[in-house]
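Q: Below is the sequence, then the predicted model.
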Amino acid sequence: MIKLLAMMCLFWLGSAHASEYAAVSVPMVPIKVGKHSYYVQGMAGAASSANQGFMSNAGFVVTKDSVLVFDTLGTPSLAAELVKKIREITPLPIKRVIISHYHADHFYGLQVFKELGAESWAHKNGQGAVDSEAAAERLTQRRETLFPWVDENTKLLPADKWLDGDTDFEMGGVHFLLRYVGPAHTAEDMAMLVKEDGVLYTGDLVFRGRVPFVGDADSKAWLTALNKLIALKPRVMVAGHGAASLKPQQDLEFTRDYLEFLRKSMGQAVANLEPFDEAYAHTDWSKYARLPAFEQANRQNAYNTYLLMEKESLAQ
Ligand SMILES: [Zn+2]
């Protein structure tokens, strides 16, 4: 009887983690982009029950003795699926997790890796992000739109270690260059270069083949960050969304040039005390007008930049 109980207990312990999370049915295929480096690519569009929240990318790096994960996807269920995929490649322990920034689609899977004993790192400006009102609202919303993959057991976890800024380290013979690239998309943006592979994971700092969404980002700091990434001379770039780029310099320079163009044209208008509508109407947008998301994003980007340039000129 005792033996039977012990066996049941072992069975329960063994299956507890795996059964805790609702399974996903979306396809997730690791893509190798370097000797040690991989990523999985989320689907296009916003998080929905159709894509089960799989609309952002995550990376992982297999070293001689351990695995490092970059971003944890948008639900614990997706993270559990990612662990399964990693396990098809290597049995080595998942030792460290880097969170590029505290947006739902990049850190909701963190609890799964913590249960496996991984240590999580993020930039210190992300401190308090999980306790904010905005984070609580987002969680309530995701528990509705992404149920059962996000439910009452989904936890918003802080990092185990808050980084001060650029951090270089070695793990199992592979060298990692973590770069602080905020405040741009968020205050805590971190990017990571896998030195031996020339693979750069950027989080949401870079948009590929489309007009970026600028929002209320500080484009001056964003430009500084892009130049920092360009100086790393990556061979391959994995952004937070979309397919990996084999022409990272070109993509980084595209985002940089667009931001520079916005700042130059809108800065000129502000200096001439020209109203926004007039300035927008006579700016030559032809270089960007045919790109995806131009209709949805460009006018708002220009307007936000106009306001920012006003603020910058007043601060001088
Ligand atoms: Zn984001």
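A: Now that the structure is in, tell me what you want to look at.
Q: number of nearby residues for the residue nearest to L116 when sequence neighbours are not counted?
A: Leaving aside its sequence neighbours, L116 sits nearest to I94 (Cβ to Cβ, 6 or more residues apart in numbering; 5.4 Å). Heads up, the C-betas are built off the backbone N, CA and C, glycines and all. Neighbourhood size, I94 [other Cβ atoms under 10 Å]: 22.
Q: P148 now?
A: P148 is flanked by 14 other residues according to other Cβ under 10 Å.
Q: Is it correct that it is in contact with A22?
A: Yes: taking Cβ atoms under 8 Å as the definition, P148 is a contact partner of A22 at 4.0 Å.
Q: list residues touching both of these two?
A: S77 (Cβ atoms under 8 Å, 6 or more residues apart in numbering).
Q: now for the longest helix seen in the chain, which elements pack on it?
A: Longest helix in the chain, counting residues (DSSP state H): helix 248-271. On a contact count with 3 or more Cβ pairs under 8 Å, 6 or more residues apart in numbering; DSSP states H and E, helix 248-271 meets helix 219-231, strand 236-239, helix 276-282, helix 294-315.
Q: swap the cut-off to 7 Å and go again
A: helix 219-231, strand 236-239, helix 294-315 (3 or more Cβ pairs under 7 Å, 6 or more residues apart in numbering; DSSP states H and E).
Q: How much space separates the residue nearest to L116 from the ion?
A: 23 Å (Cβ to the ion, to the nearest Å).
Q: got the contact list for that residue?
A: Shown in contact with I94 (Cβ atoms under 7 Å, 6 or more residues apart in numbering): 67, 69, 86, 113, 116, 118.
Q: Can you name the helix or strand that the third one falls in?
A: Just to be clear, that refers to I86. Element membership for I86, per DSSP states H and E: helix 76-89.
Q: tell me the contacts of the residue positioned nearest the centre of the chain?
A: The chain has G203 as the residue nearest its centroid, 3.2 Å off, counting by Cα atoms, centre = their mean. In this structure, G203 makes contact with 71, 100-101, 106, 185, 189-191, 240, judged by Cβ under 7 Å, 6+ apart.
Q: and the closest residue to it other than its chain neighbours, how many neighbours does it have?
A: Excluding its sequence neighbours, the residue lying closest to G203 (Cβ to Cβ, 6+ apart) is S100, at 2.9 Å. Neighbour count of S100, defined by other Cβ under 10 Å: 33.
Q: surely S100 meets M190?
A: Yes: with contact defined as Cβ atoms under 7 Å, S100 and M190 form a contacting pair (5.4 Å).
Q: Show me what from the protein comes close to the ion.
A: 103, 204 (Cβ under 5 Å from the ion).
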